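Peer 1: what's the 3D shape of this:
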Amino acid sequence: MPAVSKGDGMRGLAVFISDIRNCKSKEAEIKRINKELANIRSKFKGDKALDGYSKKKYVCKLLFIFLLGHDIDFGHMEAVNLLSSNKYTEKQIGYLFISVLVNSNSELIRLINNAIKNDLASRNPTFMCLALHCIANVGSREMGEAFAADIPRILVAGDSMDSVKQSAALCLLRLYKASPDLVPMGEWTARVVHLLNDQHMGVVTAAVSLITCLCKKNPDDFKTCVSLAVSRLSRIVSSASTDLQDYTYYFVPAPWLSVKLLRLLQCYPPPEDAAVKGRLVECLETVLNKAQEPPKSKKVQHSNAKNAILFETISLIIHYDSEPNLLVRACNQLGQFLQHRETNLRYLALESMCTLASSEFSHEAVKTHIDTVINALKTERDVSVRQRAADLLYAMCDRSNAKQIVSEMLRYLETADYAIREEIVLKVAILAEKYAVDYSWYVDTILNLIRIAGDYVSEEVWYRVLQIVTNRDDVQGYAAKTVFEALQAPACHENMVKVGGYILGEFGNLIAGDPRSSPPVQFSLLHSKFHLCSVATRALLLSTYIKFINLFPETKATIQGVLRAGSQLRNADVELQQRAVEYLTLSSVASTDVLATVLEEMPPFPERESSILAKLKRKKGPGAGSALDDGRRDPSSNDINGGMEPTPSTVSTPSPSADLLGLRAAPPPAAPPASAGAGNLLVDVFDGPAAQPSLGPTPEEAFLSPGPEDIGPPIPEADELLNKFVCKNNGVLFENQLLQIGVKSEFRQNLGRMYLFYGNKTSVQFQNFSPTVVHPGDLQTQLAVQTKRVAAQVDGGAQVQQVLNIECLRDFLTPPLLSVRFRYGGAPQALTLKLPVTINKFFQPTEMAAQDFFQRWKQLSLPQQEAQKIFKANHPMDAEVTKAKLLGFGSALLDNVDPNPENFVGAGIIQTKALQVGCLLRLEPNAQAQMYRLTLRTSKEPVSRHLCELLAQQF
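Peer 2: Numbers count the residues shown, from 1 in each chain. Prediction:
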């Protein structure tokens, strides 16, 4: 080994490392280390006149021994002493030892902090950088408390060297991540933003990292960084690789800084300044254009750097979601990557397109790549890429391609990796339910799902199909026939037996007329699976058997024989034994009428949030809610986000999705007749528990489509009566000496159900009683209303009920009319009212943070998107009453958004079948002048004006 002079290196350290490497065994290594530790300990204790070089050498040896995995319990003070040296190498080793070995709770921290303070005050850039590196490496709370106030001053000081600024920015970032509360926000925040204009690219890179972290918690303090970031990004993007030679990586100018700048811009909404926004759009277009150019190098580093900028650019375009051309271009660019030979690029392209699919501007462009995505699902070798392909198919699915996507996912499920099978099962179940136009297709899909991947079909999935079949009369016979055929397969999954047992027990009578599926055949088929099933499934089958006794008396003897068998009555499982005994006794003792009452058909299930979707959210983990809920969905579906192209429907053809949401539900029980002279005719409807509506569907045949009639104009007070219901759903709509009309309604997304209660206040029967809903003008293309017939005679003192199912197809301005005609004492009576269905009834409240609210507010800045009205208060200005009215209007009230706490700020989404209309409102009361100023912004001018007029009339 060549000699190393004392001035050039540490010969003793080099010899020690060489000895360690030459050890033949672990024991020899430990023996050599122990010998060296003893030598170092004796040097530290015995010789008090160790020079800086020797201390540095021995501290280095201790550091090396520690890195080999051995504990070091001495030498810390010698390392601290090295911090006071004026030689760079000695100070460097001292800081290195402290960064690696000194615990944040060490008693030496105070001495270390004093040495760091001395170095920070020395103005020697080299020593300052070493001190800053040590603070960042240790990153303890004690150091943060000691230096959090000093580092920002060093960062923005005019005389700080570039290397010191870099180190200070990264050190402050480390402290902020460790203890955000220790970093004070002050006047330095405005000055640190201007580091983005620094001539030194390293300083800019470090500053961008710091600002990106700080602005997430304090966006207002750093909002001026947007224009500076756009300016710097523009200079980088438009520069040639030769302009930034020191920061050019394989012909790509400053790729890491570009990525950081693009991420910083994603913390803010699009720039308000037209010039800045135009410059930014030009930058984004330039990046997309460069992606189409031939590569300047064949090396992978060049393509990696170039693609890193491209994907971050696409993320920014998706974040803004306001430039249709850029969104479509980004989608097309990602489409090219779907067939790239590099697996990582295909993965990233699929992941980004999942987000693009949620934008109304790019959803159609994403759908053009459906064949490529399906091919990826079939042929990709990497399971993570296949999973992203399945996610993208789920995101791009709508009414037009649902059957194709579901069939492809079912086909893939047969060979899918076990790790993702359950997730695909959930997605197929959700899509099949969401976009089912023909419910027989839905039943076929779920049964195929159970057949292909029965082990991965959770209870939520087969529970759901049972709910839908039970709630829909028109599919029950088909479901019974299909499940009967599925049970005939030799190998039948237990989940199929559960579904079959329930459906045949409820609706087996619908197929019993066919000799091939006669009651004995049905029973034999189910019982042939009995011995192969688990206890829970056997219990379900026993319940099916007792249902069969009620449905098919001819099977009674056979089933009683099964129940009487010793294997059932003396079953080791208590549940099965109890069921067998009770069912046998019930079938033997109870009369036919009692048996029919006890075992009557299950009532419709109340509709709740889909448990399948909730399970998928849990499986995807935190943060998946936005991807599953907030993504763009099919135009004709009824979930939270609609599409742009409506699918026309007539009022006589109910929307299948309405049934899936459970809004075509059974009406509440008819109210009992009231006394003729009762003033509180509707008290039992609005106050009693019986008035709560059931959410179970009724047969579709009960609903009839109203037809337009030649009716008279609305009564003079119709507008006044309508205004009473703008902010409430229940109450008395109309009342005179003959008739009282009450309303109870509920709305969910773009669907609603209204109950009208007609009370005869006289003692004389109403004849030819006929209430009709009429659509004036073009309202029939905007609002679908399905009504249920009521009795033509209403006895004196009695009350009848009418159910209206409502679906908002498009935004509308005029309400439907309610025409009521009847004969009283032989004289014809007629009145026309405005039905209390206004566009705000389809409001969905939307919670959002202040930053998101102002971002959206600025996006809706076109003059035609805003409606404003200043008006005098017609009622006492009470803050609580105002809040209640705004909540009743449908919007969510947002706290801590408006700088003036007296003002009210709200947000919501008008849900229609065709599209969504986002709405933001601001109400500014002036108690002194008894005036209000109401401002509404939506994406559609007529909606803004109409909502403004409706709400202004409430105050």
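Peer 1: mind giving me the domain split of this structure?
Peer 2: Annotated domains of the chain cover 376-598, 712-836, 840-953 [the TED database].
Peer 1: now distance to Lys216, mean neighbour count and mean pLDDT too, for those domains, in CSV please.
Peer 2: C-beta here means a position set from N, CA and C on the backbone, and glycine is covered the same way. Listed next are the domains of the chain as CSV, based on distance: least, C-beta to C-beta, whole Å; neighbours: other C-beta atoms under 10 Å; pLDDT from 0 to 100:
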stretch, distance to Lys216, mean neighbour count, mean pLDDT
domain 376-598, 26, 19, 88
domain 712-836, 32, 18, 87
domain 840-953, 10, 17, 86
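Peer 1: looking at the ones you listed, which is closest to Pro152?
Peer 2: domain 840-953 (23.7 Å; C-beta to C-beta).
Peer 1: which strands and helices sit next to the host helix or strand of Thr597?
Peer 2: Element membership for Thr597 (DSSP states H and E) is helix 592-598. In terms of contacts (3 or more C-beta pairs under 8 Å, 6 or more residues apart in numbering; DSSP states H and E), helix 592-598 is packed against helix 535-551, helix 574-589.
Peer 1: what are the phi and psi values for the residue nearest to Leu532 when sequence neighbours are not counted?
Peer 2: In this structure, Leu532 finds its nearest non-sequential neighbour in Glu494, 7.7 Å apart by C-beta to C-beta, 6 or more residues apart in numbering. Phi and psi for Glu494, reported as degrees, to the nearest 10, are phi -60, psi -30.
Peer 1: so Glu494 sits against Ser534, correct?
Peer 2: Yes - taking C-beta atoms under 8 Å as the definition, Glu494 is a contact partner of Ser534 at 6.5 Å.
Peer 1: pull stretch 856-871 out as PDB, backbone CA atoms only.
Peer 2: Extracted in PDB, the C-alpha atoms of stretch 856-871 (Å, rounded to 0.1, in the frame of the first residue of the first chain):
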ATOM      1  CA  ARG A 856     -63.400  27.700  -8.200                       C
ATOM      2  CA  TRP A 857     -64.700  31.300  -7.700                       C
ATOM      3  CA  LYS A 858     -62.000  32.700  -9.900                       C
ATOM      4  CA  GLN A 859     -62.600  30.000 -12.500                       C
ATOM      5  CA  LEU A 860     -66.200  31.200 -12.700                       C
ATOM      6  CA  SER A 861     -65.200  34.800 -13.500                       C
ATOM      7  CA  LEU A 862     -66.900  35.400 -16.800                       C
ATOM      8  CA  PRO A 863     -69.600  38.100 -16.600                       C
ATOM      9  CA  GLN A 864     -72.300  35.800 -17.900                       C
ATOM     10  CA  GLN A 865     -71.500  33.300 -15.100                       C
ATOM     11  CA  GLU A 866     -72.300  35.700 -12.300                       C
ATOM     12  CA  ALA A 867     -75.600  37.000 -11.100                       C
ATOM     13  CA  GLN A 868     -75.800  39.700  -8.400                       C
ATOM     14  CA  LYS A 869     -78.700  41.400  -6.700                       C
ATOM     15  CA  ILE A 870     -78.700  44.100  -4.000                       C
ATOM     16  CA  PHE A 871     -82.100  44.300  -2.300                       C
END
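Peer 1: ok, and what's touching it?
Peer 2: 269-270, 272, 322, 848, 907, 918, 920, 931-941, 944-945, 947-949, 952, 955 (C-beta atoms under 8 Å, 6 or more residues apart in numbering).
Peer 1: one step back: got the domains of the chain as TSV, with distance to Arg141 columns?
Peer 2: Below are the domains of the chain laid out as TSV (distance: least, C-beta to C-beta, whole Å):
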stretch	distance to Arg141
domain 376-598	39
domain 712-836	49
domain 840-953	29
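Peer 1: so which of the ones you listed is nearest Gly186?
Peer 2: Closest among those, once you apply C-beta to C-beta, is domain 840-953, at 21.1 Å.
Peer 1: how distant is the closest one from the center of its chain?
Peer 2: 24 Å (C-alpha atoms, centre = their mean, to the nearest Å).
Peer 1: contacting residues for Phe552?
Peer 2: Taking C-beta under 8 Å, 6+ apart, one finds Gly508, Asn509, Ala512, Pro519, Phe523 in contact with Phe552.
Peer 1: mind checking what secondary structure the closest residue in space to Cys948 that isn't next to it in sequence has?
Peer 2: Of all residues not flanking Cys948 in the chain, Ala867 sits nearest, at 3.9 Å (C-beta to C-beta, 6+ apart). The local conformation at Ala867, judged by DSSP: H, G, I helix; E, B strand; the rest coil, is strand.
Peer 1: tell me the bridge partners for Ala867.
Peer 2: In this entry, Ala867 is beta-bridged to Leu936, by DSSP bridges.
Peer 1: name the spans of the stretch 51-200 of the chain whose pLDDT lies under the cut-off.
Peer 2: Low-confidence segments of the stretch 51-200 of the chain (pLDDT under 70): 104-105.
Peer 1: if you set the cut-off to 90 instead, what comes out?
Peer 2: 51-58, 68, 70-86, 90, 98-114, 116, 119-123, 135, 137-160, 175-200 (pLDDT under 90).
Peer 1: helices along that one, start to end?
Peer 2: 52-67, 76-82, 88-101, 109-121, 125-138, 141-147, 150-156, 162-178, 188-193 (DSSP state H, counting those that start in this stretch).
Peer 1: can you name every helix or strand that the last one contacts?
Peer 2: Contacts of helix 188-193 with other secondary structure elements, assessed using 3+ C-beta pairs under 8 Å, 6+ apart, are made with helix 150-156, helix 201-215.
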